[in-house]
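**Q** One predicted model, sequence on top.
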Amino acid sequence: MHYLLMYDVVPDYPTRRMMYRDEHLTLARAAHARGELILAGALADPIDGAVLLFEGESPEVAERFAESDPYVRNGIVTSWRVRPWTTVVGDKPSVVVP
């Protein structure tokens, strides 16, 4: 199953994230290497949030990521939520539609 982790962020996110960016990217790259994190990035124009796509048996993998993310721990992310995403087209969709 796929899960979207969605972040709401502080207004000056591009600037404030910089001191935590290396730690955040290390965490994200490790999750990707384990096959949990598929894609991730900030929303653009304006940079007012971020979306991370996870794959797993439950939303726990995305929730654990958020709880350990330095952006969340240090208040750069003001709120986050995980939503199941029923994918039907693309690599490894969660539902195969004939």
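**A** Nice, thanks for sending it over.
**Q** Helices of the protein, residue ranges please.
**A** 13-16, 21-33, 60-68, 70-73 (DSSP state H).
**Q** roughly how far out does the longest one sit from the chain middle?
**A** It refers to helix 21-33. Between the mean C-alpha location of helix 21-33 and the chain-wide mean there is a distance of 11 Å, by C-alpha atoms, centre = their mean, to the nearest Å.
**Q** same for that helix, what does it pack against?
**A** For helix 21-33, the helices and strands in contact under the criterion 3 or more C-beta pairs under 8 Å, 6 or more residues apart in numbering; DSSP states H and E are strand 37-42, helix 60-68, helix 70-73. Just so you know, the C-beta spots here come from the backbone N, C-alpha and C atoms, and that holds for glycine as well.
**Q** Next: the third one.
**A** Helices and strands touching helix 60-68, by 3+ C-beta pairs under 8 Å, 6+ apart, are strand 2-9, helix 21-33, strand 49-55, strand 77-85.
**Q** Go again with 10 Å.
**A** In terms of contacts (3 or more C-beta pairs under 10 Å, 6 or more residues apart in numbering; DSSP states H and E), helix 60-68 is packed against strand 2-9, helix 21-33, strand 37-42, strand 49-55, helix 70-73, strand 77-85.
**Q** A66 touches A28, doesn't it?
**A** No. The pair formed by A66 and A28 falls short of the contact definition of C-beta atoms under 10 Å, at 11.4 Å.
**Q** Find the residues that touch each one of these two.
**A** Shared contacts of A66 and A28 (C-beta atoms under 10 Å, 6 or more residues apart in numbering): L52.
**Q** Read off the pLDDT value for the residue lying closest to N74 once chain neighbours are set aside.
**A** Spatial nearest neighbour of N74, chain neighbours left out: Y20 (5.7 Å); criterion: C-beta to C-beta, 6 or more residues apart in numbering. At Y20 the predicted local distance difference test score is 98.
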